[in-house]
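Undergrad: quick one, structure for this:
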Amino acid sequence: MKNKAQKKVLIIIGIILIIIAILAYVLSLFIDNNDVSENPNTGTNNSDITKEDEVTTDFTLLENERVFFGLNDIINHYLDSIMVEDTDELMIMLDEEYLTENNITTSNLYNYINHNYANAAYTPKEIYYNPNSDVTYYFIDGYVMNYTVSTTVFTPHVKFLVIVDESTNRYILRPINTDNLESYIESYNVKTRELTTGNALTTRTISEEEKITTYLSEFMNFLISEPEASYELLTDSKKREYGSVTNFESQVPDIYESLSSIVFSYASSEEENRTVYSVKDNKQNSITIYEYGIMNYQISF
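TA: The predicted model follows:
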């Protein structure tokens, strides 16, 4: 009996040891699998990821004002370089792939550059970019005001692509010729670009007063050069006061004379999805600006 009892105990102990060994083996497999670092988006081993995989293709509207106005400065520097025909600077700024695709050299550069942009100023209205990426692609849609002695020419929907290497902050740009920016973005071959030479993106901070002045100046410029565009900047209630764009345009000279883009005083407040600026210009007009995003606003006076 004693031997049988001892055998039974040994069998039970053996079974327990086998179970422990099996559990230890399973646990080791689990630990090994979790030691392999994975990309949360692809489930692939990070050691197998090339630099190209680090570029995200999801695009969203840019809300960073400092970057927005820094990109604005880049485009205007490009236009200024066209005006003075600084060929070397233009060749540095333009994307090498763009130059190659179009067989552009220093000798034929100005066959591909729009000379109508000489003595011009650019204003971006929408900028889309890919966040959380080593290389950032900024697709920019805005307008050009071309100034001459006798007239001002308004050209809407002038588009550019600016690519920034986040590790060096260097950038390159290319003009975009498309009617549908969204489709262009979706089809564009986004990839890593290592930029070690050329100019660097410099961001710029503007104060609330500068921003208000920018909005008022834009509205006033449109009154003269593109009245319909200034009408589209009005609030819905202000549009109803004029009844139609035709009636508004008939009153443009009086509106232009009565308003000023110089800020005398202002106050700001936040309302759900917008910032409200209550402004007095230096002619003591009361003006309200409803800001929904950068360069996205409505105005009433």
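Undergrad: same for the strand or helix carrying residue 123, what does it pack against?
TA: Element membership of residue 123, judged by DSSP states H and E, is strand 120-129. Applying 3 or more Cβ pairs under 8 Å, 6 or more residues apart in numbering; DSSP states H and E, we find strand 120-129 packed against strand 60-61, helix 65-83, strand 135-147, helix 181-187. Bear in mind the C-beta positions are built from the backbone N, C-alpha and C, glycine included.
Undergrad: CSV for the ones you listed, including mean pLDDT?
TA: Output for those, formatted as CSV (pLDDT from 0 to 100):
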stretch, mean pLDDT
strand 60-61, 96
helix 65-83, 96
strand 135-147, 95
helix 181-187, 95
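Undergrad: how about these, which one is nearest residue 195?
TA: strand 135-147 (8.5 Å; Cβ to Cβ).
Undergrad: quick one: strands adjacent to that closest one?
TA: strand 120-129 (antiparallel), strand 152-165 (antiparallel) (DSSP bridges).
Undergrad: beyond the last one, next helix or strand please.
TA: This points to strand 152-165. strand 170-176.
Undergrad: ok and that following strand relative to strand 135-147, angle-wise?
TA: 60 degrees (axes from the mean of the first three to the mean of the last three Cα atoms, to 10 degrees).
Undergrad: surely residue 237 is in contact with residue 298?
TA: No - counting by Cβ atoms under 8 Å, residue 237 does not reach residue 298; the two are 9.6 Å apart.
Undergrad: these two: who's more crowded?
TA: Per other Cβ atoms under 10 Å, whichever of residue 237 and residue 298 has more neighbours is residue 298, with 19 against 9.
Undergrad: can you check the pLDDT for the more buried one?
TA: At residue 298, the pLDDT value in this model is 98.
Undergrad: what pairs with the residue most central in space within the chain across the strands?
TA: Among the residues of the chain, the one closest to the centroid is residue 127, at 3.3 Å (Cα atoms, centre = their mean). Assessed by DSSP bridges, residue 127 has beta-bridge partners residue 140.
Undergrad: quick one: closest of the helices and strands packed on strand 120-129 to residue 269.
TA: helix 65-83 (18.1 Å).
Undergrad: in that closest one, what counts as buried?
TA: 65, 67-72, 74-82 (16 or more other Cβ atoms under 10 Å).
Undergrad: now do it and strand 170-176, the angle between them.
TA: 70 degrees.
Undergrad: and residue 212, what pLDDT?
TA: 98.
Undergrad: go ahead and confirm it touches residue 277.
TA: Yes - using Cβ under 8 Å, residue 212 makes contact with residue 277 at a distance of 5.5 Å.
Undergrad: overlap of the contact sets of those two?
TA: 266, 289 (Cβ atoms under 8 Å, 6 or more residues apart in numbering).
Undergrad: any chance of JSON lines for the helices and strands packed on strand 120-129, columns distance to residue 119?
TA: Formatted as JSON lines, the helices and strands packed on strand 120-129 follow (distance: least, Cβ to Cβ, whole Å):
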{"stretch": "strand 60-61", "distance to residue 119": "30"}
{"stretch": "helix 65-83", "distance to residue 119": "6"}
{"stretch": "strand 135-147", "distance to residue 119": "5"}
{"stretch": "helix 181-187", "distance to residue 119": "26"}
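Undergrad: go through the ones you listed and name the closest to residue 232.
TA: The nearest among the helices and strands packed on strand 120-129, by Cβ to Cβ, is strand 135-147 at 12.3 Å.
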